[in-house]
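Undergrad: sequence? don't have it. structure:
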RNA sequence: GCCAAGGUGGCAGAGUCUGGCCGAACGCGUCCGCCUGCAGAGCGGAUCAUCGCCGGUUCAAAUCCGGCCCUUGGCUCCA
């Protein structure tokens, strides 16, 4: 079964064929490190991550590059704020470290490189020079602009017509540009105080001097433009032609459109073969939107819900659709995740708890496991349909529970197979805590011993008919995050 | 104004490319039953959809074609 993806470039579903047999060049349009990342950013990361994981699972060598934009007016606007730092580089470093922390927290597979703009200025200058030499760009007042009329295919990604495009860039740039849609590749000088004013915290002293880093270039001191970085860095670390370029839907125009133009003008080669755009995260019921900042940061969300719930949330909607975020949605994600986890743990417990060999053969269960793998695979190959894939996994949970419920003796072989499926698909592909990392190491902690002690006491109370006292103990444990469950053959507990 | 993505049950959200298996998946919620001292979890069952509107094509449409309405994103930095 082969993978098919929805390509923004053509607007159609296409069969995925990488340029080189077993290798996939994956570029993810990263973040401007001018603030902490929120759940919307994490959605892009999560989907790119699952794509990465799925491609790797299918045997591809995935070369994943994801940039950090650390040269930007919004970063300059934060200079001197809180403890972020006194230079553009310091502020960028502050947020970059947070982003890296968030990415780790989300259990993302590491990219091969995380290039930063500030470390690629020479490459950017080279690219701009090439464009000038080839007649696609021109210098004006120390700045360099891309001449959109020189590139016949301009607008092909976003279906824009040149005469319908409104001016790009700030007002004062207009006089320097030949066509209103021309965009800056290189900006002369440091950042103009006027350009940072709108992003600046009004409580802080305004920035009065031109600020931010500048670099020497053939056109004088200046800074790289807004769109060149991705082209320069992806070509440096991957190749002139990428297989997959992933980004947020809001960036199709002008950012991605400009990337295509400048890259293809410079190399004469196709820039990216498949453009995958991730839909935006919407907040549920705009009632709570007192201000714009009604999004949760990744850090807060991780703290509040935990990685697995967050990842399950993302795996509940196809990447290209919009997704609504809200309390109810997160609750549902929690229920889904716990259902999965419980079924998995049940299977693990049974298999670990005895050395017996297969006692029964449950043909239905075995078939359900095979179906899960087939359905999961088909769903993922169908444009990374994570929701369908998750549905398959949840059906495996149901099948597992049913088998356990219906039998006194178990089909160990089948349970092992089920465990493997949970670990391969849920653990490896979805990045959930199912598998080695999740299972207990065998060492008993003091906490566990104490819980068991309390449970012994509670058991004694129950035997004595003191249910009130027993329930109190259960509630107290629940308050401490220990979920107690009475089953036919004893009491079990798990830490939340 | 222009470009793009959407409008499917109480919620959320697949399916639309490749028309029939969709009287619409998985799940959340609600209700009933089993289990249980109780609760939870689990299992079984039930509830809830004229698939935005109008027209067309077809033996057959959520799925194709045309028109209209509405929402969101972009056209200024933005995942």
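TA: It's in. Computed from a predicted model, the values in this text were never measured in an experiment. Numbering: from 1, shown residues only, chains lettered A, B, ... in the order given.

Undergrad: touching RNA strand B at all, the longest helix anywhere in chain A?
TA: For chain A, the longest helix by residue count, based on DSSP state H, is helix A:327-352. Yes - using C-beta under 7 Å from any atom of the strand, helix A:327-352 reaches RNA strand B at A:328-329, A:331-332, A:335-336, A:338-339, A:342-343. C-beta: built from backbone N, CA, C; applies to glycine.

Undergrad: now those residues: which count as buried?
TA: Buried members of the residues of helix A:327-352 next to RNA strand B, counted by 16 or more other C-beta atoms under 10 Å: A:336, A:338-339, A:342-343.

Undergrad: related to what we said a few turns ago, measure how far the longest helix of chain A is from the centre of its chain, please.
TA: 22 Å (C-alpha atoms, centre = their mean, to the nearest Å).

Undergrad: So which elements touch it?
TA: In terms of contacts (3 or more C-beta pairs under 8 Å, 6 or more residues apart in numbering; DSSP states H and E), helix A:327-352 is packed against helix A:298-305, helix A:307-314, helix A:386-406, helix A:412-421.

Undergrad: and among those, the most buried is which?
TA: helix A:307-314 (a mean of 24; mean count of other C-beta atoms under 10 Å).

Undergrad: tell me the angle that helix makes with helix A:327-352.
TA: 120 degrees (axes from the mean of the first three to the mean of the last three C-alpha atoms, to 10 degrees).

Undergrad: Helix A:307-314 - what's its average pLDDT?
TA: Average pLDDT, helix A:307-314: 97.

Undergrad: just checking, what packs against the helix or strand just after it?
TA: Per DSSP states H and E, the first helix or strand lying C-terminal to helix A:307-314 is strand A:323-325. Using 3+ C-beta pairs under 8 Å, 6+ apart as the contact test, the elements touching strand A:323-325 are strand A:281-283.

Undergrad: what about the strand it packs on, near RNA strand B?
TA: Yes - if you take C-beta under 7 Å from any atom of the strand as the test, strand A:281-283 does meet RNA strand B, through A:281-282.

Undergrad: again, but for stretch A:413-420
TA: No - judged by C-beta under 7 Å from any atom of the strand, stretch A:413-420 and RNA strand B are separated, with a smallest distance of 12.7 Å.

Undergrad: repeat for stretch A:389-406
TA: Yes - for stretch A:389-406, a contact with RNA strand B is found by C-beta under 7 Å from any atom of the strand, at A:390-391, A:394-395, A:397-398, A:401-402, A:404-406.

Undergrad: Verify the stated contact: residue A:319 with residue A:279.
TA: Yes - with contacts counted by C-beta atoms under 8 Å, residue A:319 reaches residue A:279, the gap being 6.9 Å.

Undergrad: what about these two, which has more around it?
TA: Of the pair residue A:319 and residue A:279, residue A:319 is the one with more neighbours under other C-beta atoms under 10 Å, namely 27 against 18.

Undergrad: Quick one: residues contacting the residue of chain A found nearest RNA strand B.
TA: In chain A, the residue that lies nearest RNA strand B is residue A:248 (2.0 Å; C-beta to the nearest atom of the strand). Residue A:248 is in contact with A:29, A:40, A:44, A:277-278, A:280, counting by C-beta atoms under 8 Å, 6 or more residues apart in numbering.

Undergrad: Of these, which are in range of RNA strand B?
TA: Answer for those near RNA strand B (C-beta under 7 Å from any atom of the strand): A:29, A:40, A:44, A:278, A:280.

Undergrad: so what's the fourth one up against?
TA: With contacts taken as C-beta under 8 Å, 6+ apart, residue A:278 has the following neighbours: A:43-44, A:47-48, A:246-249, A:319-320.

Undergrad: before we move on, back to that, which of the contacts of residue A:248 fall in strands?
TA: The members of the contacts of residue A:248 that map onto strands under DSSP state E are A:29, A:277-278.

Undergrad: tell me which helix or strand of chain A sits lowest on mean pLDDT?
TA: Least confident helix or strand, chain A: strand A:490-495 with a mean of 78, by mean pLDDT, DSSP states H and E.

Undergrad: Check whether stretch A:67-84 comes near RNA strand B.
TA: Yes - judged by C-beta under 7 Å from any atom of the strand, stretch A:67-84 and RNA strand B are in contact via A:69, A:72-74.

Undergrad: And the furthest pair within the residues you listed?
TA: A:69 and A:73 (10.9 Å; C-beta to C-beta).

Undergrad: Let me see the mean pLDDT of stretch A:325-338.
TA: 94.

Undergrad: Then stretch A:404-420?
TA: Taken as a whole, stretch A:404-420 has a mean pLDDT of 91.

Undergrad: any low-confidence regions in the stretch 101-250 of chain A?
TA: A:166-173 (pLDDT under 70).

Undergrad: try it again with 80
TA: Within the stretch 101-250 of chain A, the ranges that satisfy pLDDT under 80 run A:164-175.

Undergrad: domain assignment for chain A?
TA: A:4-278, A:300-429, A:446-495 (automatic domain parsing).

Undergrad: can you tell me the distance between the two ends of the first one?
TA: For domain A:4-278, the first and last residues are 16 Å from each other (C-alpha to C-alpha, to the nearest Å).

Undergrad: can you give me the strands for chain A?
TA: A:4-7, A:12-15, A:23-32, A:61-69, A:137-140, A:143-146, A:183-188, A:222-224, A:242-248, A:272-278, A:281-283, A:323-325, A:482-487, A:490-495.

Undergrad: Of the ones you listed, give the one that comes closest to residue A:164.
TA: Taking C-beta to C-beta, strand A:183-188 is the member of the strands of chain A nearest to residue A:164, at 15.7 Å.

Undergrad: which outside residues touch that closest one?
TA: Against strand A:183-188 from outside (C-beta under 8 Å, 6+ apart): A:124-125, A:127-128, A:131, A:137, A:141-146, A:148, A:168-169, A:173, A:217, A:219-228, A:254, A:258, A:262.

Undergrad: Pull out the buried members of these.
TA: Buried members of the contacts of strand A:183-188, scored by 16+ other C-beta under 10 Å, are A:124-125, A:127-128, A:131, A:137, A:143-146, A:148, A:168-169, A:173, A:217, A:219, A:222-228, A:254, A:258, A:262.

Undergrad: List the buried residues for stretch A:264-272?
TA: A:264-267, A:271-272.

Undergrad: In helices, which of those residues appear?
TA: Per DSSP H, the subset of the buried residues of stretch A:264-272 in helices is A:264-267.

Undergrad: any chance of those residues in a markdown table, with distance to RNA strand B and pLDDT too?
TA: What follows is those, written out as a markdown table (distance: C-beta to the nearest atom of the strand, whole Å; pLDDT from 0 to 100):
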| residue | distance to RNA strand B | pLDDT |
| --- | --- | --- |
| A:264 | 19 | 96 |
| A:265 | 19 | 96 |
| A:266 | 19 | 96 |
| A:267 | 21 | 96 |
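
Undergrad: Closest one to residue A:93 out of those, please.
TA: Closest to residue A:93, out of all of these and judged by C-beta to C-beta, is residue A:266, at 30.1 Å.

Undergrad: Alright, that wraps it up for me.
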